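Visitor: this is a predicted model, with the sequence first.
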Amino acid sequence: MEILELSKHQLLEVSPWKESGVRAGFSTRKGGFSEPPFDSMNLGIHVHDQKEHVLKNRQRFSELIDTNLDQWKSLNQVNSDQIVDLSEPYDDQQYIHHDPKENADGMITNVKGDVLTAFYADCVPLLFKSKNSKWIGVAHAGWKGTVQEIGPKMIQRFGEKGIKPAEMEVVIGPCISKKNYEVDQRVVDHIPPKYHNEVLTPTTEGHYLLDLKRLNFLYLVDNDLNHDDIYITNYCTYEDEEWLYSYRRDKGKTGRMMAFIYLT
């Protein structure tokens, strides 16, 4: 079953979580102001789109998800395993959406009003929540973040708050699918051999197709998350050109979607 519901506002929402006091989902490329090749709801400031278009897009999207832009918490994403805890005191300017200073790729919070964001094109956006809906998190997992185990490290961060893996749910969001994601031996060397048969298919010499969604899933279940509590969307950024940006498909000249999650 597809976990995401396409709303009337042309965004993808995690519909089962709404009833538990958590609003979460992913933007699409529809409904914004940006011109080609960023058309049209590009939410990434760092991709050489016109900044005024991106800020107008962010303002519009903020209204679509019933938030204010000053609630958005963003990171300077660097393909790391670093996670910040926004339940602890911090300088708000570190996480301001249009100029974040914190180098990290994951966030957790239990604070109502914090809108956690992550920007991506082909990488894996991960959304986390405790089943009692008191804690939420987001992580940006490209292949580097994935093999650095940002997923398991998010589980550890929840554990520090007294939340066991069996008390968590995760959504593995839209990203590039296996048949469209060829990698070389340099990437493969970072993947634990025990996962190779499940996530890799050889193509030409020294090249493989990599299933990033499956790899993140395996890391999560090997860190005691229940299979049934991990929801994997079927959306592929590469194939769904009408709806989603893809860095690889568009040869780097493209926009970014945003993953978001907040407590209602």
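Guide: Done, it's in.

Visitor: mind listing the helices for the chain?
Guide: Secondary structure of the chain by DSSP state H: the helices cover 15-18, 51-64, 143-147, 150-160, 185-188, 196-199, 212-221.

Visitor: to Glu167, which of those helices lies closest?
Guide: helix 150-160 (8.1 Å; Cβ to Cβ). Bear in mind the C-beta positions are built from the backbone N, C-alpha and C, glycine included.

Visitor: wait, which of the helices of the chain is closest to Glu169?
Guide: helix 15-18 (7.7 Å).

Visitor: contacts for the closest one?
Guide: 3-5, 23-24, 129, 133, 169, 264 (Cβ atoms under 8 Å, 6 or more residues apart in numbering).

Visitor: could you do stretch 179-187 as well?
Guide: 122, 143, 203, 206-212, 236, 238-239, 248-249.

Visitor: now, which of those residues sits nearest Phe33?
Guide: Out of the contacts of stretch 179-187, the member with the shortest distance to Phe33 (by Cβ to Cβ) is Arg249, at 22.1 Å.

Visitor: and the closest residue to Tyr231 other than its chain neighbours, how close does it get to Leu200?
Guide: Distance criterion Cβ to Cβ, 6 or more residues apart in numbering; nearest residue to Tyr231, sequence neighbours excluded, is Ile3 at 3.9 Å. Here Ile3 is placed at a distance of 25 Å from Leu200 (Cβ to Cβ, to the nearest Å).

Visitor: ok, now Gln59?
Guide: From Gln59 to Leu200 the distance is 42 Å (Cβ to Cβ).

Visitor: ok, Val138 next?
Guide: 27 Å.

Visitor: pLDDT score for the residue of the chain positioned farthest from its centre?
Guide: Distance to the chain centre peaks in the chain at Glu205, reaching 31.3 Å (criterion: Cα atoms, centre = their mean). Glu205 carries a pLDDT value of 96.

Visitor: out of the contacts of helix 15-18, who's nearest Ser40?
Guide: Leu4 (20.0 Å).

Visitor: count the neighbours of the closest one for me.
Guide: 21 (other Cβ atoms under 10 Å).
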